[in-house]
Structure formats: C-alpha cells, structure tokens
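*Asks:* My questions are about this predicted structure, shown below with the sequence.
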Amino acid sequence: MSEHIDNETDHEAAAGGEDYPIRIRGLTNAFGDVTVHEELDLDVRRGEILGVVGGSGTGKSVLMRSIIGLQMPQSGEIEVFGHNITEAEPDEEIGVRNRWGILFQGGALFSTLTVAENVQVPLKQFYPELSQKLLNEIARYKVVLTGLPEEAASKFPSELSGGMKKRAGLARALALDPELLFLDEPTAGLDPIGGAKFDELTRELTDTLGLTVFLITHDLDTLYAICDRVAVLADKKVIAVGTIPELLENEHPWIQEYFNGPRARAATATHERGKALDNDASGKA
Ligand SMILES: Nc1ncnc2c1ncn2[C@@H]1O[C@H](COP(=O)(O)OP(=O)(O)OP(=O)(O)O)[C@@H](O)[C@H]1O
C-alpha cells in the first residue's frame, strides 16, 4: 500500500517500512455511532520511544489494537514494517507478527502458568520445533534480561509483586527478540520508585536491543524521562507529535493544560533535578 501514502517518492515509500516501522494514514475507527478516530495519521520513527498520550477514552488502546491487527478499522491504512495490516485477517500469516512484542495493561500473564511458561507461549506459537531445553534456556535469559532474579522463572504470577509482574510481562513481550515493542501503561499501579526503575529498564533495553517503542501512558514522569517524542490524541486525531519543548509551543488547550499544569511542572522539576545530579556525578568522576 506504500504507493497510496501521499507526498512521497517511490524511493521514500520503499524505504518507509525501515525508517518508519509504523505508518498510519486516514485511520477511522467507530463503534456504532461513536467515532473514536477520524482520518488519523501517524508515523513512528525507527529507534524512538514514542509516548502516546490523550484524555481517557480518546482511543489510545484502540489505536494500539488497530496497529497490531486486533481492531478492524472502518477505513484508512496501517503499515507495519511496510506490510499492510488493515487488509490482513487477525490470524493471517503476514510475516510481521513475530517482529513485535506487547506488554498489555496489567501484564496480562496467564495465571496458571509460571513466568518461564508465560515467556514460552509466543516461542511455542511461532517456533513449535524448539526443544523444551532450548525453550527453558531462552525463558531464563529473558527473565534475567528484565532484571528479575533467576528464581522468578519458576514462580506463578500470584507470587510476584506488581513491579515483578510488569517485568515478567516484559520478558514475555521480548520472547521473540522483537524490533517493535508496544507498552500499554507500563508504569500504571507502580509506586514512583518502581515506575522510575521500569522507565530506566525500558530506555536501556530500547538502546541496547535497538527497539522501536510505542508507549501509551498517563505518566508524565515517563514522558519526561524516556520518550524521544510524544504523540497527542485529541479531537479523534493525533493533533501533534514532537518533543516536549516542541509541544509546549502548541496552543491547543488540552496540550497546554496537560504539559503546563501543576503535575507537569512537578515532573519537569524532577527531571531537571535528575539531570543536574547526573551532571554533578559525571563532573566528579
Ligand atoms: N470493543 C469496543 N466496543 C465498543 N466501544 C469500544 C470498544 N473498545 C473501545 N471502545 C470505546 O472506544 C473509546 C476509546 O477507548 P480506549 O480504550 O482506546 O481509550 P483510551 O484512550 O485507551 O482510554 P484510557 O486512557 O482510559 O485507557 C472509548 O469510548 C471506549 O468505550
């Protein structure tokens, strides 16, 4: 479908899947009479952490579900790695489903499976030929990669704290060595210290594994600490995408209220303090 995307040359269109792992044009989603998205456009750049914000019910989760093919839109086009998602059935093999990982809200772990078994679910689905020994080995590696102790692999979700559950969900999301990671409110329900540690982990993994991250959040600290750009959903569209300083220039009332409100000022202050401490520490080193 690249040729349908406006304002670009054939060469740019061919490169699109690589430079922009996600490209959305004219997306419209409606439930009965309620239109959630109308002619929404968005490009996600390779290697960035894109924060996705918007008021409650503006359709952040519906947008994520559309991109991963779980929500069939009324109209519009979505390309992931240059493959058209909107024309594919949810279970159709289109060669990209093993290139993304998803951390759903709350972790969405299978409660009757151990952490290791949870991590093995996508592996068994996409690589049924893998031996149990190798599955165990990969699961153990992913568990440790997300900062959990090795013993957590044999625990059931009910035996884990909230923060550990999120890490276990992340381990499962990373099972297939994805290039694209979807995180739906990853720090919701975590205390500020747990949230900050999870943010750090996300940034570290993004950089070391070369991920592109689509991150839905209400957490201003996350936006300030780790997002390269932020996309704002309002009025059924992505009304702005940019760095926080760029968004601060935007006159839209929701953006002004969100990024200039008291909580945003507190998050800015925390972020500035953190940077000053880092500078101090590197100056002394
Ligand atoms: N399967 C569905 N059937 C009917 N309406 C739905 C369905 N899924 C979502 N909606 C509606 O679509 C709108 C957007 O929902 P969505 O969950 O994407 O919002 P959100 O921005 O993620 O909200 P929040 O920040 O509260 O999680 C809501 O009005 C919701 O009620």
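*Replies:* Sure thing, it's come through.

*Asks:* Can you name the residues of the protein sitting close to the ligand?
*Replies:* Contact residues (Cβ under 6 Å from any ligand atom) of the chain with the ligand: 31, 36, 54, 56-62. Backbone N, C-alpha and C define where each C-beta goes, glycine included.

*Asks:* want to throw those into TSV with neighbour count?
*Replies:* Converted to TSV, the residues of the chain next to the ligand look like this (neighbours: other Cβ atoms under 10 Å):
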residue	neighbour count
31	10
36	23
54	20
56	6
57	11
58	21
59	25
60	22
61	18
62	20
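
*Asks:* Would you list the phi and psi of residue 211?
*Replies:* phi -90, psi 160 (degrees, to the nearest 10).

*Asks:* secondary structure class for the closest residue to it other than its chain neighbours?
*Replies:* Closest residue to residue 211 apart from its sequence neighbours, by Cβ to Cβ, 6 or more residues apart in numbering: residue 181 at 5.0 Å. Taking DSSP: H, G, I helix; E, B strand; the rest coil as the rule, one finds residue 181 in the strand state.

*Asks:* Could you report the distance from residue 181 to the ligand?
*Replies:* 18 Å (Cβ to the nearest ligand atom, to the nearest Å).

*Asks:* Can I get the residues of the chain next to the ligand in TSV including pLDDT and secondary structure?
*Replies:* Converted to TSV, the residues of the chain next to the ligand look like this (pLDDT from 0 to 100; DSSP: H, G, I helix; E, B strand; the rest coil):
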residue	pLDDT	secondary structure
31	94	strand
36	96	strand
54	95	strand
56	91	coil
57	91	coil
58	94	coil
59	95	coil
60	96	helix
61	94	helix
62	95	helix
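
*Asks:* Distance to residue 131 for these - can I get that in CSV?
*Replies:* Below are these laid out as CSV (distance: Cβ to Cβ, whole Å):
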residue, distance to residue 131
31, 44
36, 44
54, 45
56, 46
57, 46
58, 46
59, 43
60, 39
61, 37
62, 39
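
*Asks:* Not counting residues beside it along the chain, what's closest to residue 30?
*Replies:* Distances taken as Cβ to Cβ, 6+ apart place residue 74 nearest to residue 30, at 5.3 Å, with adjacent residues excluded.

*Asks:* With residue 140 instead?
*Replies:* residue 153 (5.5 Å).

*Asks:* Run a quick check on the one you found versus residue 146, I expect a contact.
*Replies:* No: with contact defined as Cβ atoms under 8 Å, residue 153 and residue 146 do not form a contacting pair (10.9 Å).

*Asks:* re the thing from before, now do the phi/psi pair for the residue nearest to residue 30.
*Replies:* Given degrees, to the nearest 10, the pair of backbone angles that residue 74 has is phi -70, psi -40.

*Asks:* can you pull the contacts of it?
*Replies:* 28-30 (Cβ atoms under 8 Å, 6 or more residues apart in numbering).

*Asks:* Strands - which of those land there?
*Replies:* 28-30 (DSSP state E).

*Asks:* Against residue 176, how distant is residue 120?
*Replies:* Using Cβ to Cβ, to the nearest Å, residue 120 is found at 11 Å from residue 176.

*Asks:* Apologies, that question was intended for residue 258.
*Replies:* According to Cβ to Cβ, residue 258 stands 34 Å off from residue 176.

*Asks:* How about residue 139?
*Replies:* As judged by Cβ to Cβ, residue 139 and residue 176 stand 12 Å apart.

*Asks:* Between these two, tell me which one has more neighbours.
*Replies:* When residue 139 is set against residue 176 and neighbours are counted by other Cβ atoms under 10 Å, the residue ahead is residue 139, at 23 against 19.

*Asks:* and that one, which of the three is it?
*Replies:* Assignment for residue 139 (three-state DSSP): helix.

*Asks:* Identify the residues contacting it.
*Replies:* By Cβ under 8 Å, 6+ apart, the neighbours of residue 139 are 115-117, 119-120, 123, 153, 171, 175.

*Asks:* for residue 76, same thing?
*Replies:* Contacts of residue 76 by Cβ under 8 Å, 6+ apart are 24-28, 37, 39-40, 86.

*Asks:* Perfect, that will be all.
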